[in-house]
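1. 3D model of this:
(2 chains)
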Amino acid sequence: MPDKIVHIVPDKSDLTISTSNILKSLGMEVKQADQYLLDKIDLFEQECLDLSAPAVCYITLSATHFRFSTNTLLAGQHQFRLGKVITSGLAGSDNLVFFIGTCGRAVEEYASQLMNQGHLLEGLICDLIGSEIAEATAEYIHNTILKKAEETNYAITNRYSPGYCGWPVSDQQKLFALVPGSSIGVQLTAASLMLPVKSVSGLIGIGSRVRFNDYQCPTCRKKNCPYRGMTN
Amino acid sequence: MDKNEILLKILECVEFGKVNRDAPFPPAMRGMDGADEWTRLALDSAIEPSEILNLALIEAMNRVGQKFSEKKIFVPQMLISAKAMNAAMAHLKPFFQSGAVARKGKFIIGTVAGDLHDIGKNLVAMIVEGAGYEVIDLGVDVGAPRFKQALDEHKDAVVGLSALLTTTMENMQIIVRDLKAEFPASKVIVGGAPVNEEFSTRIGADGYAPDPQKAVQLINSLVES
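-> Numbers count the residues shown, from 1 in each chain, chains lettered A, B, ... in the order given. Next comes the predicted model:
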């Protein structure tokens, strides 16, 4: 049986938001941004952080509760179609962590509200900050798992999410069957997208024979990915 | 101040994103009237709403779209211009509703089923509206039935499908197939980060637009064909 579900409310000071990532999503580099825009991003970063309600939950499965076969993972009663890239990335794991994290609902509601009021740029900036907070929450989970792994001299893999690297997004249903996202307010739509939208989910491997690969984009076939080349 | 000077002021305010007198952007125009005030003055001066639309607003958004395509400006400046355009458009809305000013055509847009991302879709909708079209925005997670219903209500409209996820772009194929089956003469264009020309051709769409300005050009060509 898996370990019990772990719930964490991250300290917001542990969440790092990258202004350069926000600018990159706006199609710009930092040097191309004027002070007006930088000030606006700065202002909304603080406002959105105040509004956010980051939360995390995860479970850990030990090796007796999962096994890999060609491009798939059987975990409990669920068969995940991970694909070649992720299966090889997780190969050799002694434990698997299935996680869900969220930025909460308020930031995306605020972004929509601004947009609907005609404040298009401000709404977009808040939407992008919401994405950054969700990504920072995923990074927080990663670091939390890493610290735990290091206590037993284990390493961890990259984190992998449904919808990326060939893992079908429909497998979210199975992930949510293992980890109750509703316990932190995250639901799935019929199309397997998460609500709040600014949420993250995925899988991390732990073990003595696994490693973290610093930069994965070259191995990904999504050449047009809007996140290509962004650092975690 | 004569008509051309007023229209030029509106054009400049939209092109450079000066919404109204109180707006702090752009810094060089701080304290000056914006698109809001100049459009009101234009109407008070008996300038035809169609001239405001065609000679000032559409021309301004053309310039904005062109500069965006050439990477001379970026999304933030385009959004600020769109906000200025909206401020001007608010004064013209009654004339659209009464039929005193004709639009160039209609454009139905939505993010396809399974996808909840709306930023790119909103951006295209704003620029297309600024180019003189009536935009019917169906929102996100839109399946073939809703697109068909909208096309049934607005038969001459061009349809735009947006997707951000590689996992949902395949739904575009289903929607294009269903629309073409029921409305063989319909014109459907596609866009979004994972989409390209080859994909557009493969699914039987009438065109692919990598950015809002290209979407306007594509819609113009489809409406005129």
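2. who touches residue A:55 in this structure?
-> Neighbouring residues of residue A:55 by CB atoms under 8 Å, 6 or more residues apart in numbering or on different chains: A:7, A:8, A:9, A:10, A:101, A:102, A:104, A:137, A:184, A:185. For glycine as for every other residue, the C-beta is placed from the backbone atoms N, C-alpha and C.
3. repeat that for 6 Å
-> Each residue near residue A:55 by CB atoms under 6 Å, 6 or more residues apart in numbering or on different chains is listed here: A:9, A:102, A:184.
4. what's the closest of those to residue B:173?
-> Relative to residue B:173, the closest of these is residue A:102; by CB to CB it sits at 31.5 Å.
5. Provide the partner residues of the closest one in its beta bridges.
-> residue A:55, residue A:199 (DSSP bridges).
6. I figured it was touching residue A:182, is that so?
-> No - distance between residue A:102 and residue A:182: 11.1 Å, which falls outside the contact criterion (CB atoms under 6 Å).
7. Please identify which of these two sits among more neighbours.
-> residue A:102 (26 against 12; other CB atoms under 10 Å in any protein chain shown).
8. ok, the more buried one to residue B:40 distance?
-> 45 Å (CB to CB, to the nearest Å).
9. And for residue B:150?
-> From residue B:150 to residue B:40 the distance is 33 Å (CB to CB).
10. Of those two, give the one with the bigger neighbour count.
-> More crowded of residue B:150 and residue B:40, by other CB under 10 Å: residue B:150, with 20 against 16.
11. Leaving out sequence neighbours, find the closest residue to that one.
-> Closest residue in space to residue B:150, ignoring its immediate chain neighbours: residue B:108 at 4.8 Å, by CB to CB, 6 or more residues apart in numbering or on different chains.
12. can you pull the contacts of the one you found?
-> Neighbour list for residue B:108: B:136, B:150, B:157, B:159 [criterion: CB under 6 Å, 6+ apart].
13. Could you check how many residues crowd around the last one?
-> A total of 27 residues lie near residue B:159 under the criterion other CB under 10 Å.
14. Around chain B, pick out the residues from chain A.
-> Counting by CB under 6 Å from any CB of the partner chain, the residues of chain A close to chain B are A:26-28, A:36-37, A:118, A:120-121, A:124, A:163, A:169, A:191, A:193, A:197, A:222, A:224, A:226.
15. Filter these down to the buried ones, ChimeraX style.
-> Buried subset of those, written as a ChimeraX selection, criterion 16 or more other CB atoms under 10 Å in any protein chain shown:
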select /A:26,27,28,37,120,121,124,163,169,191,193,197,222,226
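16. give the contact list for residue 52.
-> With no chain named, the answer covers chain A. By CB under 6 Å, 6+ apart, the contact list for residue A:52 reads A:103, A:104, A:107, A:133.
17. Wait, chain B was what I had in mind.
-> Counted by CB under 6 Å, 6+ apart, residue B:52 has contacts residue B:42.
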